[in-house]
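Peer 1: need coordinates for the below:
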Amino acid sequence: MGGGGMGRRERELDPAAGPVQAFAFELRKLRREGGALTYRVLAQRTSYSSATLSRAASGERLPSLAVVLAYVQACGADVSEWEERWHAAARGAAAELQHGEDAQAAPYRGLARFEPADAEMFFGRDELSAQLAEWVHAHRLVAVVGASGSGKSSLLRAGLIPLLRSEAATDRRPAAIRILTPGPTPLSALAAVMKARDELGDTVVVVDQFEELFSLCADPAERRACLDLLLTATDPENNVRAVIAVRADFFGHCAEHHAWAAALRRAILLVGPMSPTELRQAIVRPASAAGLIVERDLTAQIIKDVTEKPGGLPLMSHALLETWRRRKGRALTLTAYKAAGGVAGALAQTAEQLYTRLSTHEARSARHILLRLITPGEGAQDTCRPVSLKELDLDNADDFAATGEVLERLVKARLVTLDGQTLSLAHEALIAAWPRLRGWIDENRESLRLHRRLTEAAQNWEELGRDPGALYRGSRLTAADEHLERRELTGLEHAFLTASLDARDHEQWATRRAAQRLRRLRTSLCVAAALAVIAGLVAWQWNRLGERRLAEATSRRVASVAESLRYAEPQTALRLSVAAWRISPTLEARAALMSALTQPEQDAFTEPGTAVNDPALGHFLSNDGDMLVSGGAGRVRLWNLSTHRLIRSVPVRKDDALVRISPDGRRLLLLAAGRWQLRDATSGAATHLPFTLTDGTLSFGPTDDMLFLHDDNGRLTALWDLRRHRRLPPHGSAQTSGTSREDRKHQAECTPSGELQLWDGGTERRFRSTGPLALAVRLSCGPHPPDRVQPYPLYLGKERLIVVTDSRIRTWDVRTGKEGPPIRTSPQSPVTVTADGDFLTHADRGAILVWRLSNPRKPVYRYPLHGRIVSDVRLEPRHKVIRYIEQQPASTPVVRSLYLGNAVDPGWRTHASEDASSPVKPGGQATTRLTSVAADPVRRDRMAVGDEYGWVTIWDRALKHRFTMFDALSAGKENKAPQAVSALAYSSDGRILAVAGGSTVRLWDTTTTRPLGDGLLTSGDRVGSLAFSRKGATLTVRGDHTPPRTYPVAPDLVAKAVCARAGSGLSGRDWRAYIPSFPYQRTC
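Peer 2: Numbering: from 1, shown residues only. Have a look, this model is predicted:
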């Protein structure tokens, strides 16, 4: 029903909300049952106004007994019965107050900060408080920095100040402790507190909420003066120490002041979130001190809700206060905590409950008060704004009683605090925690900024005696007039804005005649200015569009250049691929980036300063493949292939021929004028050997102090002991060399008698053509046709003998004599075995192949040569690279490096894991056997199906409609037998499809059906399954014999991996050479 004659609809009441609401509900019911009398009629029957009678039934507070009796008598009800009802409601309200509103007895502070008097209830920050106290003694200026809601103010007031006051030593106890918050005009107050007391000890000045110096103080000169004044605390003669507490997002303003940055360099205490132990103390110990009990489940739940949550302490304190108000006896329960809304919702619930119980007019007053207490952030978070009651202008408010009552309710609910004549938000956490308040701020952010400026201008105008020169003019006045509602203004602000508008009208009247004359000119100028602005905006937009198109075009061009340089300049191609992606993330750049990740070419090195037609020039790699040895023009040069740097240059005679270098890289073997000679690779000192070319060919033996002499058929005829300088027979002499086991090397040699000798450093074994290794001995050391290539043996330990023939590489177990699976090769192919005997590398007519000798049925790495001539191949497992010399018909040889990826990683399992995959049955739509299937996670009506020929088809779920199909495994590769698709996997966004077949894994862009680079550099094992990470950033590949390997797929991770391979990003010099039309930027 309506109120006092105005027909306004009353706010609905919930009788279950409390005794006051239930009593008001019954009063309204009585009025309806008495004939739906209006409050105006009831007022005529009583001595009270209609407004008083309406408030009695509003449910906001319990009316007085006299008002209730008059209300009841006017409705014609039993007065004595309603008197008993009133007393019952009063008793219920008093009981509700005991458990709900007696905040002074609460063990928790809610949103309010802890004060020095609350030290006995301040828990959880003991260690940090003690550390801060020690820092105050050690430094004269200390900054306490933390996020909003981290407890800085409570730490200063209830932690630091009591500790300083309780110091036992007189020389450590402060003479005085003064607390200050800056406010909008902080200089005068700061100057007063910075004066030291004339007593023993220093005066400690605590400046809380230091960020107000930057958010509320609008005068830069006053701000600088405050900073300079605080810096005087660093002078011991002033007997003042200063401690400031500043929000972390405002701390950067301090660093802009050079002297402050220097003073605080080692005196910054960061206040982070409480640890679970500290949170438990802050929850349980205040309750214990008040004789209360906290349920363990409640403690655990609060710690879980607050841990690692920035600014969660005031929310936790408020939630605990609301839980205390809903306690059951002495126990604070999880049920009460959840009813209060928990850490995440208690504050919003409290604020929302208060707001919804207000009338429309009261709600407008509450909104007006709360928005005045906030300064909207500009590039920072919104902050509190303390205001004086004078600014609220309560005396001139439309309804002084209602506004005062709303203010009283806000204070009582601890949403705002009233300190003397200063009103402020209880905590900035209210801004973020109450969605309604945050919505008000977001909706009115610009008008709030205008209002704050208007308030400051009005106060200055008042202080200057209402000087007309201080009035608003121009755009500021227009903005204030258009965006600010008059009812939101105080009397002073309204007078200021009205005076400004009157002054503007007067000025307009005084200049109207001149304005008429200049109107045409002004209009023309305005139009010209508008056209200029429009033209500027259009030009700026076109410029941005042009820059974007330039970046995209440059990115595509650089990606194309990178693709063209993969073989010729692999390092440059890697860096250009990253640069293309950094310039603009085009599809071509992403493809180039993935190509760089899968690019096998790692490096290319051509020896500088060498002549193509030098007849004495020779090139070969060291045993470990890390060094290039070249000779010619009277010098032998040793190059580090990892750094492209010359290690040393050894002078020799022009006619000397370089033969080889010792395995340890310390000696050079040369043929000088038909005689054999050793040279020290460091000093160049020569050691002449008693052998000529007619005596045979020399090579380094299995130990560093032994040389082997071979005849023309490659058979071992003698040994030369470098230590004793004497010749030894080819057998039974190795034990006399005295080489330690650490220097031992493995070697296989044939004797003139047709026997096979296996050397293990200082130990030798001989095998005849009739023993367990008879076939291997006959192949290696027996007679052979003159038109056939002589097979030769290799022995690298691990009891594995290798014999290289013109068509096969054959292996035997030395212990059992059992032959392993052969490896096919071509005549005169370079063959090397790693020093650990695990991997064999050879180059046949078509490719460089790497075989794992423990399982030589299939190569773990294959690199096609496309007809190129290779003269030396070395595998370097430590750096995961193959280095080989490519002979150039019209230029100097090039040393190329290939990246192996995971091909030579350890962890190979002898027995393959079981493959549970089974072919897919497509129904009647396909005749090819399908081997793998994967569902598109985004387009749920599609699925990818792989077949036995390496093709992938995109079908609908029913396998009836085919969208597309493509050769997923052999695209871009040499013609070879097709591989069946063994695994498929979609990324989480459905944009990438990973396809595996055999040991090959390729990535495809599902939108364009284009491959993203070559195949991943896998371990060479058969791939059993594929799996993308949850966000699609990485791909895990599981093999039959190897552990799972993870490969980057997200562009940022791929770029990081490519940068690691390249060693650095594109240099400024190379950028200018390849990308001259685009400004330089760092890529790695």
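
Peer 1: and the next helix or strand past the lengthiest helix in the chain?
Peer 2: If you go by DSSP state H, the chain has its longest helix at helix 512-564. Using DSSP states H and E, the helix or strand that follows helix 512-564 in sequence is helix 570-583.

Peer 1: out of the helices and strands in the protein, which is least certain?
Peer 2: The weakest-scoring helix or strand in the chain, judged by mean pLDDT, DSSP states H and E, is helix 79-100 (a mean of 67).

Peer 1: which parts of stretch 216-229 are buried?
Peer 2: Leu216, Cys217, Glu222, Arg223, Cys226, Leu227, Leu229 (16 or more other Cβ atoms under 10 Å). Where you see a C-beta, it was placed from the backbone N, CA and C, and this is true even at glycine.

Peer 1: burial measure for Val538, as a count.
Peer 2: Using other Cβ atoms under 10 Å, Val538 has 10 neighbouring residues.

Peer 1: check contacts around it.
Peer 2: Val538 is in contact with no residue at all, counting by Cβ atoms under 8 Å, 6 or more residues apart in numbering.

Peer 1: could you report the separation of it from Glu115?
Peer 2: From Val538 across to Glu115, the span is 60 Å (Cβ to Cβ, to the nearest Å).

Peer 1: what does Val850 give?
Peer 2: Separation of Val850 from Glu115 (Cβ to Cβ) stands at 75 Å.

Peer 1: tell me which of those two has more neighbours.
Peer 2: The neighbour count for Val850 versus Glu115, taken as other Cβ under 10 Å, is higher for Val850 (23 against 15).

Peer 1: got the domain boundaries for this structure?
Peer 2: Domain ranges of the chain: 15-100, 125-273, 444-504, 618-693, 696-762+774-798, 930-1062, per automatic domain parsing.

Peer 1: Arg896 is nearest to which of these?
Peer 2: domain 618-693 (9.9 Å; Cβ to Cβ).

Peer 1: can you give the distance of the closest one from its chain's centre?
Peer 2: Centroid separation for domain 618-693 versus its chain: 51 Å, with Cα atoms, centre = their mean, to the nearest Å.

Peer 1: give me the distance between the two termini of it.
Peer 2: Taking Cα to Cα, to the nearest Å, the first and last residues of domain 618-693 lie 18 Å apart.

Peer 1: coming back round to it: got the angle between the longest helix of the chain and helix 570-583?
Peer 2: 150 degrees (axes from the mean of the first three to the mean of the last three Cα atoms, to 10 degrees).

Peer 1: skipping adjacent residues, who's closest to Leu471 in space?
Peer 2: Ser500 (4.3 Å; Cβ to Cβ, 6 or more residues apart in numbering).

Peer 1: so what's the residue count around the one you found?
Peer 2: Neighbours of Ser500 using other Cβ under 10 Å come to 23.

Peer 1: any idea how far Asp467 is from it?
Peer 2: Noted for Ser500: a distance of 12 Å to Asp467, by Cβ to Cβ.

Peer 1: now swap in Asn902 and tell me
Peer 2: Using Cβ to Cβ, one gets 80 Å for the distance from Asn902 to Asp467.

Peer 1: of the two, who's got more company?
Peer 2: For Asn902 versus Asp467, neighbours defined as other Cβ under 10 Å are more numerous around Asn902 (21 against 11).

Peer 1: for that one, give me phi and psi.
Peer 2: phi -100, psi 10 (degrees, to the nearest 10).

Peer 1: now Leu641
Peer 2: Dihedral angles for Leu641 - degrees, to the nearest 10 - are phi -80, psi -20.

Peer 1: ok, now Arg109?
Peer 2: Backbone geometry at Arg109, expressed as degrees, to the nearest 10, gives phi -90, psi -10.

Peer 1: wait, doesn't it sit right on Ala117?
Peer 2: No - contact criterion Cβ atoms under 8 Å: Arg109 and Ala117 do not qualify, at 11.3 Å.

Peer 1: I'd like the buried residues of stretch 216-229 as CSV, with pLDDT and distance to Ala105 appended.
Peer 2: Converted to CSV, the buried residues of stretch 216-229 look like this (pLDDT from 0 to 100; distance: Cβ to Cβ, whole Å):
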residue, pLDDT, distance to Ala105
Leu216, 80, 35
Cys217, 83, 39
Glu222, 89, 43
Arg223, 88, 42
Cys226, 90, 40
Leu227, 90, 43
Leu229, 91, 42
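
Peer 1: and of those, the nearest to Thr805?
Peer 2: Relative to Thr805, the closest of the buried residues of stretch 216-229 is Leu227; by Cβ to Cβ it sits at 86.2 Å.

Peer 1: what is the neighbour count of the closest residue to the closest one other than its chain neighbours?
Peer 2: In space, and not counting its chain neighbours, Leu227 is closest to His257: 5.3 Å by Cβ to Cβ, 6+ apart. Look at His257: counted by other Cβ under 10 Å, it has 16 neighbours.

Peer 1: what pLDDT does His257 get?
Peer 2: Per-residue confidence at His257 stands at 85 (pLDDT).

Peer 1: if I pick Ile369, what's in contact with it?
Peer 2: So Ile369 contacts Leu392, Thr403, Val406, Leu407, Leu410, Val416, Leu423 (Cβ under 8 Å, 6+ apart).

Peer 1: and it, how close does it get to Arg445?
Peer 2: 18 Å.

Peer 1: check Ala681 too.
Peer 2: 75 Å.

Peer 1: more crowded one of the two?
Peer 2: Taking neighbours as other Cβ under 10 Å, Ala681 and Arg445 compare with Ala681 leading, 20 against 15.

Peer 1: now do the helices in the stretch 401-550 of the chain.
Peer 2: Taking DSSP state H, counting those that start in this stretch as the criterion, the stretch 401-550 of the chain carries its helices at 429-433, 435-443, 445-463, 474-483, 491-510, 512-564.

Peer 1: Throw those helices into TSV and include mean pLDDT and distance to Leu373, thanks.
Peer 2: Shown next, in TSV, are the helices of the stretch 401-550 of the chain (pLDDT from 0 to 100; distance: least, Cβ to Cβ, whole Å):
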stretch	mean pLDDT	distance to Leu373
helix 429-433	77	9
helix 435-443	83	10
helix 445-463	81	11
helix 474-483	79	20
helix 491-510	81	16
helix 512-564	85	39
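
Peer 1: give me whichever of those is most buried.
Peer 2: Most buried of the helices of the stretch 401-550 of the chain, by mean neighbour count (mean count of other Cβ atoms under 10 Å): helix 429-433, with a mean of 23.

Peer 1: for it, packing partners?
Peer 2: With contacts taken as 3 or more Cβ pairs under 8 Å, 6 or more residues apart in numbering; DSSP states H and E, helix 429-433 sits against helix 313-325, helix 342-356, helix 435-443.

Peer 1: lowest average pLDDT across those helices?
Peer 2: Per-segment mean pLDDT for the helices and strands packed on helix 429-433 reaches its minimum on helix 342-356, at a mean of 78.

Peer 1: what's it in contact with?
Peer 2: In contact with helix 342-356 (Cβ under 8 Å, 6+ apart) are residues 111, 301-302, 305-306, 309, 312, 314-316, 318-319, 322-323, 340-341, 363, 366, 409-410, 413, 415, 429-430, 433-437.

Peer 1: just the buried ones from those, in PyMOL syntax?
Peer 2: Listed next is the PyMOL selection for buried residues among the contacts of helix 342-356, using 16+ other Cβ under 10 Å:
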select buried, resi 111+301+302+305+306+312+314+315+316+318+319+322+323+340+341+366+409+410+413+415+429+430+433+434+437
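
Peer 1: just to revisit the earlier point, with distance to Tyr986 as new columns, can the helices and strands packed on helix 429-433 be given to me in a markdown table?
Peer 2: Output for these, formatted as a markdown table (distance: least, Cβ to Cβ, whole Å):
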| stretch | distance to Tyr986 |
| --- | --- |
| helix 313-325 | 41 |
| helix 342-356 | 36 |
| helix 435-443 | 38 |
